[in-house]
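>>> Starting from these lines, generate the structure:
(one chain, ligands or ions: 1)
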Amino acid sequence: MTDDTSEKKIHVTQPFLPPLEEFLPYVEEIWENRFLTNGGPLHQRLERDLADYLGVEHLALFNNGTIALITALQALEITGEVITTPFSFVATTNALIWNKNTPVFVDIDPETLNLDPARIEAAITDKTSAILPVHCYGNPCDMEAIHEIAERHGLKVVYDAAHAFGVRDAQGSVLARGDLATLSLHATKVFNTFEGGAIICPDAETKEHIDQLKNFGIVDELTIKVAGSNGKMSEIHAAMGLAQLGHIDACIDRRGEIDAAYRAALADVPGIEPLPKLGQTRANYAYFPVILDERYPLSRDELYDALRAQNILTRRYFFPLLSQLPMYAGLPSAGAENLPVATEMGRRVLCLPIFPAMEDGDIARICAALRAPVSAGIIPTAAE
Ligand SMILES: *Cc1c(COP(=O)(O)O)cnc(C)c1O
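Numbering: from 1, shown residues only. Sure thing, here's the model as predicted:
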């Protein structure tokens, strides 16, 4: 394989930016009305427009997805142990620590890489108060099974839906499920406000409580009800969301085209298997994970390095597992023997570049690079 770093760098993702001339009128509006934050007119408009777009009743915007997740746990007064997945971004379990909860890792399903409901019950103790699943890569969890278990044991369900912007199944938006669900609107996500987040609330009363929690606990000028934090989204961030909303369907459609092009081009490459898209009537194609198996000539890390040498930057989401990080590795549930599927998938998964501005030529270049070790007749090295 020849290294060709002369070709342009393809990052795993690239933030979507709306045309500047669509953003600037909102900035002028801010300069005219001098409302910079604290639930100003753009913030109010974005909350309404996003709720409409997503097909949910109530939504509270936040300054980022991590503070949204911590606030969701606070709002539900989650205590003690919380059952969660080791296969996610570190913010998921960090939020539990900030809320003084103990993460209890349960293994994932080998097909969806989401929390495996069949393994949840064995992890429930008298200290368990909630389940915190993640719709990994935007693929919905087995919510029916999770809710059935939660109901039987009196547990709350909070979804970390950071990847699931706009995802729908036969029952509508997946964001409307569970006791609460949280979104990240970070620059690298499908829909972004530079930095941002949201909590999807089931009713107006919950939204009012959450709005107080994200604003120091302030009820009115003289009344402060609880020790809230500052999770407010500013007007300039809301402006970015409003300018972007008109483009989001086109962005997701383009991601869908890239997803389909990858699947077609990789269908006959042995040992590279894209993750199936199950149960979605509208996917968001937030990521393009592939699972390598023993038929592929290179290990995942060898492939990662080979692509990098050709200026193709992929990500090993989610490796290391959360349970392998120093802060969590000592937990009783963190051992590899408790998490065999996650441990194996963490070694075999690779997320390929996907973002709306990707060109067809980029996809062809990436697929040719993936095919090259097979065409070269490299014999697979024995799996460790
Ligand atoms: C991005 C992400 C978050 C954190 O969101 P921020 O907006 O960056 O704070 C939380 N959970 C998951 C699974 C994520 O991917």
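>>> List the strands paired with the host helix or strand of residue 131, with their directions.
For residue 131, the element it lies in under DSSP states H and E is strand 128-132. Here strand 128-132 has these sheet partners by DSSP bridges: strand 81-84 (parallel), strand 156-160 (parallel).
>>> Tally up the residues packed near the nearest residue to residue 271 once chain neighbours are set aside, please.
Nearest residue to residue 271, sequence neighbours excluded (Cβ to Cβ, 6 or more residues apart in numbering): residue 296, at 2.8 Å. For the C-beta atoms, the positions are set from N, CA and C on the backbone; glycine is no exception. Other residues lying near residue 296 total 23 when counted by other Cβ atoms under 10 Å.
>>> Which stretches in the chain count as helices?
Taking DSSP state H, the helices of the chain run over residues 20-33, 41-54, 65-75, 91-98, 143-153, 204-213, 235-245, 248-266, 300-309, 340-348, 360-375.
>>> does any part of the fourth one sit near the ligand?
Read it as helix 91-98. Yes: residues of helix 91-98 contacting the ligand under Cβ under 6 Å from any ligand atom: 91-92.
>>> just stretch 179-197 next, same as before
Yes: looking at stretch 179-197 against the ligand by Cβ under 6 Å from any ligand atom, the contacts come from 184, 186, 197.
>>> quick one, what contacts the residue of the chain found nearest the ligand?
Closest residue of the chain to the ligand, Cβ to the nearest ligand atom: residue 65 (2.7 Å). Contact analysis of residue 65 by Cβ atoms under 8 Å, 6 or more residues apart in numbering lists 91, 162, 182-186, 189, 196-198.
>>> again, only this time at 6 Å
Contact analysis of residue 65 by Cβ atoms under 6 Å, 6 or more residues apart in numbering lists 162, 184, 197.
>>> so what's the nearest residue to residue 183 once chain neighbours are set aside bridging to?
In space, and not counting its chain neighbours, residue 183 is closest to residue 198: 4.3 Å by Cβ to Cβ, 6+ apart. On the basis of DSSP bridges, residue 198 is bridged to residue 61, residue 183.
>>> who in the stretch 101-250 of the chain is up against the ligand?
134, 160, 162-163, 184, 186, 197.
>>> any idea which of those is closest to residue 105?
residue 134 (12.0 Å; Cβ to Cβ).
>>> isn't residue 108 right next to residue 341, touching?
Yes: shown here, residue 108 and residue 341 form a contact pair, counting by Cβ atoms under 6 Å, at 5.3 Å.
>>> Of the two, give the one with the bigger neighbour count.
Between residue 108 and residue 341, residue 108 has the larger neighbour count (other Cβ under 10 Å), namely 29 against 17.
>>> Just grab the bridge partners of that one for me.
residue 115.
>>> Against residue 142, how distant is it?
Per Cβ to Cβ, to the nearest Å, residue 108 is found 11 Å from residue 142.
>>> Would you mind giving the strands paired with strand 128-132 as CSV with mean neighbour count and mean pLDDT added?
CSV is the format used below for the strands paired with strand 128-132 (neighbours: other Cβ atoms under 10 Å; pLDDT from 0 to 100):
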stretch, mean neighbour count, mean pLDDT
strand 81-84, 25, 98
strand 156-160, 24, 98
